[in-house]
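S.K.: Sequence plus predicted model, see below.
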Amino acid sequence: MLAVSSKLKYDCQMFKHTKRVINIENIYLYIYRQREMPLCTCMLHVCTLQEKGINLTHIESRPSRNNKEEYEFFISVDQLSSKALDEVVDGLRTQISGQVHELSRNKQKDTVPWFPNDIQDLDRFANQILSYGSELDADHPGFTDPVYRARRKEFADIAYNYRHAQVIPRVEYTAEEKATWGTVFRELKTLYPTHACHEHNRVFPLLEKYCGYREDNIPQLEDISHYLQTCTGFRLRPVAGLLSSRDFLAGLAFRVFHSTQYIRHSSKPMYTPEPDICHELLGHVPLFADPSFAQFSQEIGLASLGAPDEFIEKLATVYWFTVEFGLCKEGNEVKAYGAGLLSSFGELQYCLTDKPKLLPFEPEKTCQQKYPITEFQPVYYVAESFEDAKEKVRKFASIIPRPFSVRYNAYTQRIEVLDNTQQLKNLADSISEISILCTALRKME
């Protein structure tokens, strides 16, 4: 299935979403618009399809099932119009301030799902969030706070307008936002020495020294991204909310971590129903500065490229129980390295008690485990080490049914698909550089 979704601005109005889904016979285009948007404005985009010779086989409209204040348009397009529709979508990207992004493809059984080949391809889906962003659910702590909602829109606009290689805009955080950060920072820092893994505790003082990590200061993504690049090649890019599993994991393949800039509502500083800057900077960032963990994270991302949807779900589960809620051995002790633990004062304490069940990390079994998302985890998986976990993920990736292997070329920032002899020769040339390592080791003896 290929789904394209976006927030489209036109004549100062807003399309809620635009989706395109391709199956074997037809292309289906869904357009959602707000009630206050004139119908003619919406239909202008349909006319654009017709002008390009795209064969519309069916069109209808109805109130949105999710929000009665919005309309939903359904358009069926002949499969033969696929290429022309691609041109129209690309044209819309230049005509409007919003973006159109591909989520996934699943046309025929022997078709490989689309995946980004170049780091700039991340621009194609970075704005395609699944929830929150500037819109909040009714049970969100900030739902009834107009000031907070307006602030969230400011952060969403930064993310929507960002493109690869641009400087991440700096944010002037308010005193209230800094106070919320300070509460979380202060409480978690007291637990890190006894509960966090060695790698996290090694990097955290460096972030305080070089990136402005302080109780009274919320660090800037641009400063952190620059620092991470000097450590492991990882970089940050702003995102307005949750991405699909496929899109988020694809970013990791390029050593790109999509990070939010907004902070949780001040009424509940120790709770957030979504990732926020406390979760990203206190939980994720420290370990992205560790070479072994950075490589482990990238391995999960590389394994996702071109994988069928059912394996994306499995990889997302592996990610959940490692990068988000993973535990690891340190001598005779167990420590936390998952970002969901390292950014949660309550669960960081809970995970090292005798209440949860601890199991050894085995991707083949871990990927089958069900998990709650609104309460503490009843089960955690313990890795022997990051290196051991990395090798197990590599082995797990080898069973993914895709007709090729991939590698990331850090020099060109592109994904190389290893499906021909020339690509294998190029890989062999890079492997030959190991001789330099061997020579250096001999000179050190």
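M.R.: Great, that's in hand. Everything quoted here is computed from the prediction, not taken from an experiment.
S.K.: Tell me where the model's unsure across the stretch 51-200 of the chain.
M.R.: Scanning the stretch 51-200 of the chain for pLDDT under 70 picks out 56, 58, 60, 62-83, 88-111, 131-134.
S.K.: Okay, strands next: where are they in it?
M.R.: Per DSSP state E, counting those that start in this stretch, the stretch 51-200 of the chain carries strands over the ranges 56-63, 70-78, 101-102, 129-131.
S.K.: What residues of stretch 281-292 count as buried?
M.R.: Within stretch 281-292, the residues scored as buried using 16 or more other C-beta atoms under 10 Å are 281-290. (C-beta placed from N, C-alpha, C; glycine too.)
S.K.: Please parse this structure into its domains.
M.R.: Domain assignment for the chain, taken from automatic domain parsing, gives 4-109, 129-397, 405-444.
S.K.: Deepest-packed of those, please.
M.R.: With neighbours defined as mean count of other C-beta atoms under 10 Å, these peak in mean count at domain 129-397, which reaches a mean of 19.
S.K.: From the chain's centroid, how far away is that one?
M.R.: Relative to the chain's own centre, domain 129-397 is displaced by 10 Å; criterion: C-alpha atoms, centre = their mean, to the nearest Å.
S.K.: Tell me the spacing between Tyr210 and Ile263.
M.R.: Distance from Tyr210 to Ile263, counting by C-beta to C-beta, to the nearest Å: 22 Å.
S.K.: now do Leu358
M.R.: Distance from Leu358 to Ile263, by C-beta to C-beta: 32 Å.
S.K.: Now tell me what touches the longest helix along the chain from outside.
M.R.: Counting by DSSP state H, the longest helix found in the chain is helix 175-195. Helix 175-195 is contacted by residues 173, 200-201, 204, 213-218, 263-266, 269-270, 277-278, 282, 335-336, 342-343, 345, 348-349, 352 when judged by C-beta atoms under 8 Å, 6 or more residues apart in numbering.
S.K.: Tell me which of these fall in helices.
M.R.: 200-201, 204, 277-278, 342, 345, 348-349.
S.K.: Can I get these in a markdown table including distance to Tyr319?
M.R.: Formatted as a markdown table, the ones in helices among the contacts of helix 175-195 follow (distance: C-beta to C-beta, whole Å):
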| residue | distance to Tyr319 |
| --- | --- |
| His200 | 18 |
| Asn201 | 23 |
| Phe204 | 22 |
| Ile277 | 20 |
| Cys278 | 20 |
| Leu342 | 15 |
| Phe345 | 23 |
| Leu348 | 19 |
| Gln349 | 23 |
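S.K.: Against Leu228, how distant is the residue nearest to Glu208 when sequence neighbours are not counted?
M.R.: In space, and not counting its chain neighbours, Glu208 is closest to Arg214: 6.8 Å by C-beta to C-beta, 6 or more residues apart in numbering. Look at Arg214 and Leu228: by C-beta to C-beta, they are 18 Å apart.
S.K.: do the same with Leu427
M.R.: Distance from Leu427 to Leu228, by C-beta to C-beta: 26 Å.
S.K.: Could you do Thr144 as well?
M.R.: Using C-beta to C-beta, Thr144 is found at 37 Å from Leu228.
S.K.: Over to His164?
M.R.: In terms of C-beta to C-beta, His164 sits 15 Å off from Leu228.
S.K.: quick one: which of the ones in helices among the contacts of helix 175-195 is nearest to Glu313?
M.R.: Leu342 (24.7 Å; C-beta to C-beta).
S.K.: distance of the closest one from Ile415?
M.R.: Applying C-beta to C-beta to Leu342 and Ile415 gives a distance of 30 Å.
S.K.: How about Glu187?
M.R.: Distance from Glu187 to Ile415, by C-beta to C-beta: 40 Å.
S.K.: which residues are contacting the helix or strand hosting Phe396?
M.R.: Take DSSP states H and E as the rule and Phe396 turns out to sit in helix 386-397. When contacts are defined by C-beta under 8 Å, 6+ apart, helix 386-397 is touched by residues 199, 290, 292-293, 295-296, 299-300, 302-303, 318, 322, 326, 328, 337, 361-364, 367, 383.
S.K.: The domains of the chain: which one's closest to Leu122?
M.R.: Closest to Leu122 of these, according to C-beta to C-beta: domain 129-397, at 5.9 Å.
S.K.: Between the two ends of the closest one, how far is it?
M.R.: Domain 129-397 has its terminal residues 26 Å apart, counting by C-alpha to C-alpha, to the nearest Å.
S.K.: Equivalent analysis for stretch 237-244, please.
M.R.: Start-to-end span of stretch 237-244 (C-alpha to C-alpha) is 16 Å.
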